[in-house]
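>>> please work out how this folds:
(one chain, ligands or ions: 2)
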Amino acid sequence: MESIANRLGALDWNIIREDLHRKGFVTVKNVLNDDECNGLIQNYSTASCYRKTILMERYRFGLGEYKYFSYPLPSLVQTFREQVYQHIAPVANQWMREAGIEKQFPRTHAEMISQCHQNQQLHPTPLILKYGKDGFNTLHQDLYGDIYFPIQILFVLNQAGRDFTGGEFVITEQIPRAQSKANVLSPDKGDMVIFTTSFRPVRGSKGFYRVNMKHGVSPLHSGERYSMGIIFHDALS
Ligand SMILES: O=C(O)CCC(=O)C(=O)O
Ligand SMILES: [Fe+2]
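Ligands and ions are numbered 1, 2, ... in the order given. Below you'll find the predicted structure:
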């Protein structure tokens, strides 16, 4: 099996960037293999890998739980953070320019993290989430501090339709002065979804406007669903 770095290097990033730019999200098929997904699920019960566990109900975030990895991150997660960042940073920078925001993101993920750390955002944000029957995740944006990278990635670690039913990944678009549009995705085990954390710029007759986007998970009808989120900025707490 190819290393993750080689697998990521072999993807057609021009097409991925174009889809991401146009829709605010894109699914890349078969990025993690079964063993990698299963390994991440098995690791969920190894307390030493994680810095914090959140019971979602307690904060009214939904129903389910998640755990943030601690540093040093598993090498698989670290590789995704470094490599995917480099490929998608140009989209983030284009979005900033089109939205008229002065910010430009650095070329490497290491530089992004050093900006976070200078701002006291010291804690890693990659996480594993677990939902049981009736579990869900309310629509939200993962911002975590003033310094944030506007794109993130998600893997569903087990198989929709076999290991669980329901539990679709939902991305809403709030179009200014109109009703919201919902995109419903059912990624297969190991697919990588790359999506906007907060907005995407859309060209209108008077220049670009921002479509605010949020994501969440619809209630599970049965089974158990595990997912892994990789966010590129670090958190204040
Ligand atoms: O479980 C999911 O599919 C969504 C997780 C999530 O909100 C995230 O990774 O930011
Ligand atoms: Fe999220």
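>>> this protein against ligand 1: which residues are in contact?
Those residues of the chain that sit near ligand 1, judged by CB under 6 Å from any ligand atom, are 129, 137, 142, 154, 169, 215, 217, 227, 229. Yep, even glycine has a C-beta here, placed from its N, CA and C like the rest.
>>> which of those residues lies closest to Val193?
Comparing the residues of the chain next to ligand 1 against Val193 with CB to CB picks out Leu154 as the nearest, at 4.5 Å.
>>> what's the neighbour count on the nearest residue to the closest one once chain neighbours are set aside?
Sequence neighbours aside, Val193 is the residue nearest to Leu154 in space, at 4.5 Å (criterion: CB to CB, 6 or more residues apart in numbering). Other residues within reach of Val193, judged by other CB atoms under 10 Å, total 21.
>>> what secondary structure does Val193 sit in?
With DSSP: H, G, I helix; E, B strand; the rest coil as the basis, Val193 sits in strand.
>>> so what's it up against?
25-28, 153-155, 169, 185, 187 (CB atoms under 8 Å, 6 or more residues apart in numbering).
>>> among the residues you listed, which ones are in strands?
If you go by DSSP state E, the contacts of Val193 have 25-28, 153-155, 169, 185 in strands.
>>> adding neighbour count, write those out as a markdown table.
Conversion of these to a markdown table gives the following (neighbours: other CB atoms under 10 Å):
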| residue | neighbour count |
| --- | --- |
| Phe25 | 21 |
| Val26 | 19 |
| Thr27 | 18 |
| Val28 | 22 |
| Ile153 | 21 |
| Leu154 | 22 |
| Phe155 | 22 |
| Phe169 | 23 |
| Leu185 | 17 |
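>>> nice, that's everything, thank you.
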